[in-house]
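>>> What shape does this take:
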Amino acid sequence: MFQPTKECLIDILESARPHGSKAEQHLIKQWILPVVKETGSYVIDGAGNIICSIVGKAGSKTILFSSHTDTVKNPRTISNIVWPDVDKNNMLSNANGGILGADCGTGVWIMLSMIQAKIPGLYVFHRQEESGGIGSSSFAINNIDLLDAVDIAIAFDRAGYRDVITHQAGSRCCSDLFAIALSYELNKSIHSDCLAYIPCKSGVFTDTANY
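The predicted structure follows:
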């Protein structure tokens, strides 16, 4: 049973998850599916994207939250990685230089926590982001009506403490005003002593670019 604990986060992050790997299937079967099944409102589309909806109040904004289930292939072909100590800023890293599952396991953990807390939104766990956004490309093509109803799309797919991305894939993806407002809300966190979110225009690519 998923609980938004450090132990669950570590289990998600300690393995690299190339697309189709046993580690990716473990993430989906052990953590994602049990949580979305509890909502009673989820589908898995033809590309393997897992889509879960929690309806908000009438007239409220529709927010799409996304993350992806895969990681790049570990160049050292290590599937399970020994977890190091947490540093003074509560950051987790891998001392042996292998690939952690944090990209985008952290985003998956955040979304599962939000779903369990019944925060309204459209939640999409994308497949094959690291292969060029294959899952999100299919999602965008086959869910035009669904995306037309979305007011805001937020992807949890960025390293570090502070970046709220305004530009990715060579173009603007949100206004500076929106990024400032989102940064302000995030900085209300009880962990604001080590978080200092600000707008950033140096994004590269994640699934929302395909919308």
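>>> Now do the biggest helix by length in the chain, average pLDDT.
Looking across the chain with DSSP state H, the single longest helix is helix 102-116. Here helix 102-116 scores 94 as its mean pLDDT.
>>> Quick one: mean pLDDT for the strand or helix carrying Ala181?
Using DSSP states H and E, Ala181 maps to helix 176-186. Regarding helix 176-186, the rounded mean pLDDT is 95.
>>> Kindly report the same for stretch 28-48.
On average, stretch 28-48 scores 94.
>>> So which residues make contact with it?
Contacts with stretch 28-48, where a contact means CB atoms under 8 Å, 6 or more residues apart in numbering, come from 1-2, 8, 11-12, 50-55, 69, 108, 112, 115-116, 123, 125, 127-128, 134-135, 138-139, 142-143. The way it works is simple: take the backbone N, C-alpha and C, and place the C-beta from them, glycine included.
>>> what about it, start to end distance?
Stretch 28-48 has an end-to-end distance of 10 Å (CA to CA, to the nearest Å).
>>> distance between that stretch and the chain's centre?
Averaging C-alpha positions (CA atoms, centre = their mean, to the nearest Å) puts stretch 28-48 15 Å from its chain's average.
>>> can you give me the helices in this structure?
6-13, 22-26, 33-39, 102-116, 134-142, 144-148, 176-186.
>>> Quick one: distance of the last one to the chain centre.
Counting by CA atoms, centre = their mean, helix 176-186 is centred 18 Å from the centre of its parent chain.
>>> Pull out the buried residues from that helix.
179, 182-183, 186 (16 or more other CB atoms under 10 Å).
>>> From those, pick the one nearest Leu27.
Nearest to Leu27, judged by CB to CB, of those is Leu186 at 24.9 Å.
>>> How about the contacts made by that closest one?
164, 195, 197.
>>> Check these for burial and list the buried ones.
Among the contacts of Leu186, those classed as buried by 16+ other CB under 10 Å are 164, 195, 197.
>>> Quick check: the second one touching Gly160?
Meaning Leu195. No - contact criterion CB atoms under 8 Å: Leu195 and Gly160 do not qualify, at 10.1 Å.
>>> Low-confidence ranges, this structure, go.
Scanning the chain for pLDDT under 70 picks out 74-98, 190-193.
>>> how many other residues sit next to Asp11?
19 (other CB atoms under 10 Å).
>>> For it, list the residues it contacts.
By CB under 8 Å, 6+ apart, Asp11 lies in contact with 30-31.
>>> can you rerun that using 10 Å?
2, 5, 26-27, 30-31, 83, 101, 105, 109 (CB atoms under 10 Å, 6 or more residues apart in numbering).
>>> cool, and Lys61?
Counting by CB under 10 Å, 6+ apart, Lys61 touches 120-121, 150-152.
>>> let's see 8 Å
By CB under 8 Å, 6+ apart, Lys61 lies in contact with 151-152.
>>> likewise Arg158?
When the contact criterion is CB under 8 Å, 6+ apart, the partners of Arg158 are 165, 203, 206.
>>> and if we set it to 10 Å?
Here Arg158 is in contact with 103-104, 106-107, 164-165, 168, 200, 203-204, 206 (CB under 10 Å, 6+ apart).
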